[in-house]
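Asks: let me see the structure of the following:
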Amino acid sequence: MKQLIDIEELTKRLLPVTYFRRNAGEIIEKLEKVGTIILTKDGKPVAKLTSLKKKKDFDVDENLKKLKKIAGGYHLGKISPKKIKKIIMQQYESVLP
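Replies: This is a model prediction of the structure:
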């Protein structure tokens, strides 16, 4: 699923063709980090430059660590799930008319 980008991020990826011509080497080096650059002529998009190398956000082990951390939930000490349910039900019943 692609993430939406904000307008500031989009404007960083827009480049005039003349700027690209003058600084092609530098831009190609940065392309892997950015992912995609849109070239413009007279302020209108004319071409899309995309890196052939995929951006690598994290390696598999790092993603697994993050997933385990999220899946582990919250540690509430010695409170059991039954006690948590009891507290929630008491709060719920106190709200009912």
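Asks: immediately after the helix or strand bottoming out on mean pLDDT in the chain, which helix or strand?
Replies: Every helix and strand in the chain was compared by mean pLDDT, DSSP states H and E; the lowest is helix 7-12, with a mean of 63. Following helix 7-12 in sequence order, the next helix or strand is strand 14-16 (DSSP states H and E).
Asks: pull out the buried positions in the next helix or strand after that next one.
Replies: Downstream of strand 14-16, the next assigned helix or strand under DSSP H and E is helix 17-22. Neighbour counts using 16 or more other C-beta atoms under 10 Å place Phe20 of helix 17-22 among the buried residues. Quick note: C-beta positions are derived from backbone N, CA and C, even for glycine.
Asks: what is helix 17-22 packed up against?
Replies: strand 36-41, strand 44-50 (3 or more C-beta pairs under 8 Å, 6 or more residues apart in numbering; DSSP states H and E).
Asks: ok, residues contacting it?
Replies: Ile27, Ile37, Leu39, Thr40, Lys41, Val46, Ala47, Leu49 (C-beta atoms under 8 Å, 6 or more residues apart in numbering).
Asks: one more pass at 7 Å, please.
Replies: Ile27, Leu39, Thr40, Lys41, Val46 (C-beta atoms under 7 Å, 6 or more residues apart in numbering).
Asks: that concludes my questions; thank you for your assistance.
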